[in-house]
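A.B. asks: This is a predicted model, with the sequence first.
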There are 2 protein chains.
Amino acid sequence: MTTKDKIVNAAEALFAEHGFEQTSLRQITSEAGVNLASVNYHFGSKKALIQAVMARYLSRFMPALARQLQSLENYQQVTSRAVFDCFRQPLMALTDVSRQGPANFLRLLGFAYSEIQGHLRKYTMTEFGTVIEQLLQWLHRANPQLSDAELFWRLHFILGATVFAQVSSQALIEIAAADFDEQVDPEHIIDKLIPFIAGGLDSSAAG
Amino acid sequence: MTTKDKIVNAAEALFAEHGFEQTSLRQITSEAGVNLASVNYHFGSKKALIQAVMARYLSRFMPALARQLQSLENYQQVTSRAVFDCFRQPLMALTDVSRQGPANFLRLLGFAYSEIQGHLRKYTMTEFGTVIEQLLQWLHRANPQLSDAELFWRLHFILGATVFAQVSSQALIEIAAADFDEQVDPEHIIDKLIPFIAGGLDSSAAG
DNA sequence: ACATATTTAAAACATGCGTTTAATTTAAAC
DNA sequence: GTTTAAATTAAACGCATGTTTTAAATATGT
């Protein structure tokens, strides 16, 4: 494994656990077993390293999601639930990148949004804007009673519930095990999440 | 106004805008017009200052929420919507603390949860555990079909959607204005949120 | 008024950060 | 085998952070 790969792998694990700003280059290079300066040599800066970690996931996830959404064409009636089920396969396929790929990806997304809100949003929209528009279009078809604006707001509520659930997943799983004798894998939180967000999206508008 | 109050006020505004870790004591004392060392003199540490800022809101919000929840006794049938509507008045009453009290409080909650997950949770549960249990009890009465565990998960999804919506509120409001010609006040995001979270909570369980 | 706490003030301290530099080692090309 | 480029290393730089120290100013109590 090259030095560059060692750095990206170590960075991903530490970023997903502690967030971007809370993780230092010294932690990363120490964990990777490489020299501190090699990050700036291979990536130029910490910011560029963050983008490299995110890009590795986004470049796999987004095309896979686009394919899933296109398969919805076969349905006559499209439900919110069907649209959100499109996220399952692309997410689980991220195990190719790393054993904890799906969980890491969602946690990274959460940190990225809460830490450098604007930056990642702009990057995601310019790089994968068509997939996002595709998703919006399908959700609009599943919920024609909702205005574009209402859909926009609810989509971000969904994003919030999702990333928060992942960022807090460790603590929540422990509490669930202690208080309810319920053993939940991180990858199965999405099973609990999808009914919730689909129900929220389909809910009748404000009153 | 005492030095201590100046510090808490400045800290609250800066914490709510940038988060706890991203805000330095030098920013706070500069904004408050007091000496740097006075933070450690009056509060002991930055961590203690953070707790003081949070405590000022929690000590008002939690008892008010408890009163609202108790008023649900008058209802025969309790809906999720009715339970969540109990949050409105206690939240809006936070304007007593500061003009942007409600928005600040929710943003602070969001940062607290994503930054020092465990700490605040433990503090909240030991300090205001009875209110939380009261809330859980009412939601269980509104949704007897959900197990305790399911309710637990969905409550945290709701928390995630709420805090994320507040942390990202500035960006979302701007986008909504640009893309949908929709003018939304920060305090009215909760009007869009409550139908969403009530719908998600009432949704039928996983399949 | 004086003596005693309490509060403010300026400066320095110790630490950790991202980044850069300069030298050395390793690999590739001819 | 020599030369040239690429990669690694150790050390230092400049800066920002939370905290502590020491001294001066202010308020408090008798």
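C.D. replies: Great, that's in hand. Numbers count the residues shown, from 1 in each chain, chains lettered A, B, ... in the order given.

A.B. asks: Please make it C-alpha for all contacts and neighbour counts, starting now.
C.D. replies: Noted.

A.B. asks: Let me know how buried residue A:187 is, in neighbour terms.
C.D. replies: The burial metric for residue A:187, expressed as a neighbour count using other CA atoms under 10 Å in any protein chain shown, is 16.

A.B. asks: meant to ask about residue A:52
C.D. replies: Neighbours around residue A:52, by other CA under 10 Å: 16.

A.B. asks: quick one: average confidence on stretch A:136-156?
C.D. replies: Averaged over stretch A:136-156, pLDDT sits at 89.

A.B. asks: no no, stretch A:63-80
C.D. replies: On average, stretch A:63-80 scores 90.

A.B. asks: Ends of it, what's the gap?
C.D. replies: 20 Å (CA to CA, to the nearest Å).

A.B. asks: Of all the residues in it, which ones are buried?
C.D. replies: A:64, A:65, A:66, A:68, A:69, A:72, A:78, A:79, A:80 (16 or more other CA atoms under 10 Å in any protein chain shown).

A.B. asks: Name the residues that touch it?
C.D. replies: A:83, A:86-87, A:90, A:131, A:134-135, A:138-139, A:141-143, A:198, A:201-202 (CA atoms under 8 Å, 6 or more residues apart in numbering or on different chains).

A.B. asks: near chain B, from those?
C.D. replies: A:198, A:201, A:202 (CA under 8 Å from any CA of the partner chain).

A.B. asks: Could you measure from residue A:164 over to residue B:163?
C.D. replies: 9 Å.

A.B. asks: I'd like to know how many residues surround residue A:197.
C.D. replies: Count around residue A:197 with other CA under 10 Å applied: 31.

A.B. asks: again with residue A:174
C.D. replies: 15.

A.B. asks: Ramachandran coordinates for it?
C.D. replies: phi -70, psi -40 (degrees, to the nearest 10).

A.B. asks: go on, residue A:184?
C.D. replies: According to degrees, to the nearest 10, residue A:184 has phi -120, psi 130.

A.B. asks: number of nearby residues for it?
C.D. replies: 15.

A.B. asks: Give me the spatial nearest neighbour of it, chain neighbours excluded.
C.D. replies: Among residues not flanking residue A:184 along the chain, residue A:173 sits closest, at 6.2 Å (CA to CA, 6 or more residues apart in numbering or on different chains).

A.B. asks: So that neighbour: helix, strand or coil?
C.D. replies: Three-state assignment for residue A:173 (DSSP: H, G, I helix; E, B strand; the rest coil): helix.

A.B. asks: quick one: it from DNA strand C, how far?
C.D. replies: 28 Å (CA to the nearest atom of the strand, to the nearest Å).

A.B. asks: wait, that residue sits on residue A:181?
C.D. replies: No - the pair residue A:173 / residue A:181 is not scored as a contact, 10.3 Å apart, by CA atoms under 8 Å.

A.B. asks: Find the nearest non-adjacent residue to residue A:12, please.
C.D. replies: Going by CA to CA, 6+ apart, residue A:12 has residue A:53 as its nearest residue, at 6.1 Å.

A.B. asks: Who are the contact partners of that neighbour?
C.D. replies: A:8, A:11, A:12.

A.B. asks: Need the pLDDT of it.
C.D. replies: Reported pLDDT for residue A:53: 94.

A.B. asks: and after whichever strand or helix holds it, which helix or strand comes next?
C.D. replies: For residue A:53, the host element (DSSP states H and E) is helix A:46-70. Using DSSP H and E, the helix or strand that follows helix A:46-70 towards the C-terminus is helix A:80-85.

A.B. asks: Run a quick neighbour tally on residue A:133.
C.D. replies: Residue A:133 has 12 nearby residues by other CA under 10 Å.

A.B. asks: err, residue A:108, not the other one
C.D. replies: 27.

A.B. asks: roughly how far apart are it and chain B?
C.D. replies: 12 Å (CA to the nearest CA, to the nearest Å).

A.B. asks: Could you do residue A:175 as well?
C.D. replies: From residue A:175 to chain B the distance is 9 Å (CA to the nearest CA).

A.B. asks: coming back round to it: as CSV, the contacts of residue A:53 with distance to DNA strand D would be great.
C.D. replies: Shown next, in CSV, are the contacts of residue A:53 (distance: CA to the nearest atom of the strand, whole Å):
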residue, distance to DNA strand D
A:8, 13
A:11, 16
A:12, 18
